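Peer 1: Give me a model of this one.
(one chain, ligands or ions: 1)
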Amino acid sequence: MPLRVPPRDPRTQSQGVEPGYAQTARRWPSQPLQRRPHTVSELSGPSSVLRRLAPVRGDLAGHGAKRAIGQLIHLRTRVVDEDGAPLPGAVVEIWHCNAAGKYIHPNDTHDAPEDPNFYGAARMVAGDGGLVELRTIKPGAYPVPGTGGWWRPPHVHFSVWGRVWLSRLVTQMFFPGEPLNEADAILNAIRDPEARERCIARFVPSENDLIYEYQLVVRGRKSTPGMP
Ligand SMILES: [Fe+2]
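Peer 2: I've put the predicted structure just below:
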């Protein structure tokens, strides 16, 4: 008999269509969902992902004359399953804007300076304990065009590759104590306050470094919500 997995509380995941965030209407189905059996297309996965997409850059901050502008931070992410068990070997992609709120992307029209020493993307493999460590700079806030004053709070984008194509998690991590978190349409599309809290990294006091810890839960009732 198949194991019965309790359904997730929808309040712990992103609300489908979010007022004030126009793109969500295009990303969410307008018709009721249909159950469809999985075939090999869904149940196979990127087994050679690391051969095709080699790990790159555990350090986005650089050093000396090549140091990116901004506050140096150490981001320690732990990838775990629904029981909190670590997932060593998980492939994790991370990207974020520079300290002025600018991405290296042609669609980014925000009038903010680029930083020649900041590339902004990394691909890493979770080590023992499911740990992924990134040395980088804290990203800045940026305005969302055409929204009349919505500024995205500082955040970091994550993509985690699972064992099958359907098990990819794309999400965002936020920083604690940021006033823009309170009004962010993406973060607040998650209605459950505890689930929102799980999307915010924890600041770890340290003598020399700004350290943030973050836990990515890839499945289960407390799974990290997907975010664009
Ligand atoms: Fe972003």
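
Peer 1: For Leu134, give the beta-bridge partners.
Peer 2: Leu75 (DSSP bridges).

Peer 1: Now do it against Arg191, distance only.
Peer 2: Distance, Leu134 to Arg191, by C-beta to C-beta, to the nearest Å: 30 Å. C-beta here means a position set from N, CA and C on the backbone, and glycine is covered the same way.

Peer 1: The lowest-mean-pLDDT helix or strand in the chain: how far from the chain's middle?
Peer 2: Within the chain, no helix or strand scores below helix 49-52, which has a mean of 73 by mean pLDDT, DSSP states H and E. Its chain's C-alpha centre and that of helix 49-52 lie 21 Å apart, by C-alpha atoms, centre = their mean, to the nearest Å.

Peer 1: likewise stretch 108-119?
Peer 2: That offset, for stretch 108-119, works out to 20 Å (C-alpha atoms, centre = their mean).

Peer 1: Name the residues of that stretch that are buried.
Peer 2: For stretch 108-119, the neighbour count (16 or more other C-beta atoms under 10 Å) marks 112, 115, 117-119 as buried.

Peer 1: same question, stretch 9-24
Peer 2: Neighbour-count burial for stretch 9-24, counted by 16+ other C-beta under 10 Å, picks out 12-15, 18, 21, 24.

Peer 1: Relative to Ile211, which of those is nearest.
Peer 2: Of all those, Ile211 sits closest to Thr12, with 26.7 Å by C-beta to C-beta.
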